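A.B. asks: only the shape, not the letters, is given here:
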């Protein structure tokens, strides 16, 4: 085999912790250049596969590869100097750099994917262990190379590997990293703002103007003036808690006023939890639909904060359970879309919701459900030992079923209309809903499944289990649109949201 090409084979063998087979004295500086080109190619492939479209080349990523290659050259120099084999420095450096590229492709990239998947399944400690394994793998590669150069000098070989690791890997714990290829933010923002891409649009200007024909009939100033009274009336209608048992309190929030699908879900969530889960008189609905402007407070961040604070004052904060159901569009940067054109309403991010939940008195037991695209991005800000967090999608995935022709979203149908009518266990309902959503998306041949997420703990699941077993028997609650018993069509439109 050509000596320069053999370094690619030996780099792969070293990445797999196998002994190189070539003669490191044969390759020259050209072999290092070949390894550098291979490294660029591997990084381009992995970053291209990982980046969301539309993609762009990022110049700082190239400088990072060059800097990493220089550090690898210094690490190889340490190995050959401590092995007293200076003349083979270029060959060892080329193999080490080829091993860097191979390790990135066959170890770091897969383990990073696995760690992300594990983390999104609610196992942060296991995910961290996978990341540490990925970081430690390069040290094992250097041990393999050092032992190859010094087969009979184990202590010196280990010391040389430690020094080489300190030179080639540890600086990146402090130096900023940059991708070679990443998403083009300008083009992505333009695509999100396009009326043709309703999936990701989350702008203050709203969606299609025609969607707001009904909303044009209201006086925006008068509507905002009415909000304190509407919200106060809704709070005053809340009934006192029932003593001697854990009470369920519900806040349902429909963020986007341009599509009835979110209004339908809020209405149904209110009826479902009131009738089937013994929350009658403990339900507060916030909705941006034009049909309910005169009778119901708006779904705004301010109203949500006030509603949660009011719930906290009426609950037994150590015994009762708060359930918050939010449904709307969602964006890649994890903002829940809040809109009623032409009102300039604030969007809701994970930290906004987490702050709103910091009530006084503090509510211990919480179930937080976010039904939106990319809603998995809310999990980190909301999870704790006494909170169940459920989202309709992964942090990097869309969910389905919204749109003007839809009556209910896929997740809303699966979780609210079907699973919670089959079981009173909220974690159990999520598992049923996740299976249903996956089956529907497979039927519709969606290229990327939404993959609903749940973050839980033993404490909250034990609390919910005890509460659900004490619920009185109640019949299923049929989903209906606009108070007409229309049922739930399995063929509802699969527009992404």
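C.D. replies: Arrived safely, thanks for sending. Only a predicted model underlies this, so the values are computations on that prediction, with no experimental measurement involved. Numbering: from 1, shown residues only.

A.B. asks: partners of the helix or strand harbouring residue 454, with directions?
C.D. replies: Assigned by DSSP states H and E, residue 454 belongs to strand 453-455. Here strand 453-455 has these sheet partners by DSSP bridges: strand 387-391 (antiparallel).

A.B. asks: tell me the domain ranges of this protein?
C.D. replies: 3-183, 197-496 (automatic domain parsing).

A.B. asks: these into TSV, with extra columns for mean neighbour count?
C.D. replies: For glycine as for every other residue, the C-beta is placed from the backbone atoms N, C-alpha and C. Listed next are the domains of the chain as TSV, based on neighbours: other Cβ atoms under 10 Å:
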stretch	mean neighbour count
domain 3-183	18
domain 197-496	19
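
A.B. asks: could I get those as CSV with mean pLDDT?
C.D. replies: Shown next, in CSV, are those (pLDDT from 0 to 100):
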stretch, mean pLDDT
domain 3-183, 87
domain 197-496, 85
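
A.B. asks: now the strand holding residue 454: how far from the chain's centre is it?
C.D. replies: A distance of 10 Å separates the centroid of the chain from that of strand 453-455, by Cα atoms, centre = their mean, to the nearest Å.

A.B. asks: which residues sit in contact with the closest residue to residue 240 other than its chain neighbours?
C.D. replies: Closest residue to residue 240 apart from its sequence neighbours, by Cβ to Cβ, 6 or more residues apart in numbering: residue 314 at 7.4 Å. By Cβ atoms under 8 Å, 6 or more residues apart in numbering, the residues touching residue 314 are 238, 240-241, 249.

A.B. asks: and the two most separated of those residues?
C.D. replies: 240 and 249 (11.7 Å; Cβ to Cβ).

A.B. asks: for residue 64, see how far away the closest residue to residue 171 other than its chain neighbours is.
C.D. replies: Closest residue to residue 171 in three dimensions, ignoring its sequence neighbours and counting by Cβ to Cβ, 6+ apart: residue 71, at 6.5 Å. To residue 64, residue 71 is 11 Å away according to Cβ to Cβ, to the nearest Å.

A.B. asks: before we move on, what about residue 55?
C.D. replies: 17 Å.

A.B. asks: kindly report the same for residue 306.
C.D. replies: When residue 306 is compared with residue 64 (using Cβ to Cβ), they lie 48 Å apart.

A.B. asks: with residue 82 instead?
C.D. replies: Per Cβ to Cβ, residue 82 is found 27 Å from residue 64.

A.B. asks: for residue 314, same thing?
C.D. replies: For residue 314, the distance to residue 64 - Cβ to Cβ - is 55 Å.

A.B. asks: equivalent analysis for residue 147, please.
C.D. replies: Separation of residue 147 from residue 64 (Cβ to Cβ) stands at 29 Å.

A.B. asks: now residue 116
C.D. replies: 21 Å.

A.B. asks: ok, now residue 33?
C.D. replies: 18 Å.

A.B. asks: state whether residue 252 is indeed within a helix.
C.D. replies: No. Read with DSSP: H, G, I helix; E, B strand; the rest coil, residue 252 is strand and lies in no helix.

A.B. asks: who's in contact with it?
C.D. replies: Counted by Cβ under 8 Å, 6+ apart, residue 252 has contacts 265-266, 269-270, 283-286, 324-327.

A.B. asks: just the ones of the residues you listed in strands?
C.D. replies: Taking DSSP state E, the ones among the contacts of residue 252 that sit in strands are 283-286, 324-327.

A.B. asks: and those as CSV, adding distance to residue 300?
C.D. replies: Converted to CSV, those look like this (distance: Cβ to Cβ, whole Å):
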residue, distance to residue 300
283, 18
284, 13
285, 13
286, 7
324, 14
325, 16
326, 12
327, 15
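
A.B. asks: which residues touch the spatially most central residue of the chain?
C.D. replies: In the chain, the residue lying closest to the centroid (Cα atoms, centre = their mean) is residue 395, at 1.8 Å. Residues near residue 395 by Cβ under 8 Å, 6+ apart: 120, 334, 374-377, 379, 453.

A.B. asks: any idea what sits nearest it, other than its immediate chain neighbours?
C.D. replies: Nearest non-adjacent residue to residue 395 (Cβ to Cβ, 6+ apart): residue 376, at 3.6 Å.

A.B. asks: ok, the one you found - contacts?
C.D. replies: Per Cβ under 8 Å, 6+ apart, neighbours of residue 376: 120, 391, 393-397, 451, 453.

A.B. asks: how close does residue 50 get to residue 376?
C.D. replies: 17 Å.

A.B. asks: swap that for residue 27, sorry
C.D. replies: Going from residue 27 to residue 376 by Cβ to Cβ gives 47 Å.

A.B. asks: just residue 333 next, same as before
C.D. replies: 13 Å.

A.B. asks: same question for residue 278.
C.D. replies: Distance from residue 278 to residue 376, by Cβ to Cβ: 30 Å.

A.B. asks: got it, and residue 85?
C.D. replies: 51 Å.

A.B. asks: also residue 407?
C.D. replies: Residue 407 is 25 Å from residue 376, by Cβ to Cβ.

A.B. asks: which residues are in contact with the residue nearest to residue 292 when sequence neighbours are not counted?
C.D. replies: Once flanking residues are discounted, residue 292 sits nearest to residue 263: 7.0 Å by Cβ to Cβ, 6+ apart. Contacts for residue 263 (Cβ under 8 Å, 6+ apart) come out as 254, 257, 287-289, 291-292.

A.B. asks: which of these fall within helices?
C.D. replies: Using DSSP state H, the subset of these located in helices is empty.

A.B. asks: would CSV of those residues with distance to residue 21 be doable?
C.D. replies: What follows is those, written out as CSV (distance: Cβ to Cβ, whole Å):
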residue, distance to residue 21
254, 65
257, 68
287, 69
288, 67
289, 70
291, 74
292, 74
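
A.B. asks: which of the residues you listed fall within strands?
C.D. replies: Going by DSSP E, the strands hold 254, 287 from those.

A.B. asks: right, and residue 104 touches residue 44 too?
C.D. replies: No. Contact criterion Cβ atoms under 8 Å: residue 104 and residue 44 do not qualify, at 11.2 Å.

A.B. asks: and the gap between residue 414 and residue 420?
C.D. replies: 10 Å.

A.B. asks: ok, residue 284 next?
C.D. replies: Residue 284 is 19 Å from residue 420, by Cβ to Cβ.

A.B. asks: then residue 34?
C.D. replies: Residue 34 is 60 Å from residue 420, where distance means Cβ to Cβ.

A.B. asks: and residue 132, by the same measure?
C.D. replies: 39 Å.

A.B. asks: same thing with residue 129?
C.D. replies: Taking Cβ to Cβ, one finds residue 129 at 35 Å from residue 420.

A.B. asks: how about the strands in the stretch 1-150 of the chain?
C.D. replies: 55-57 (DSSP state E, counting those that start in this stretch).
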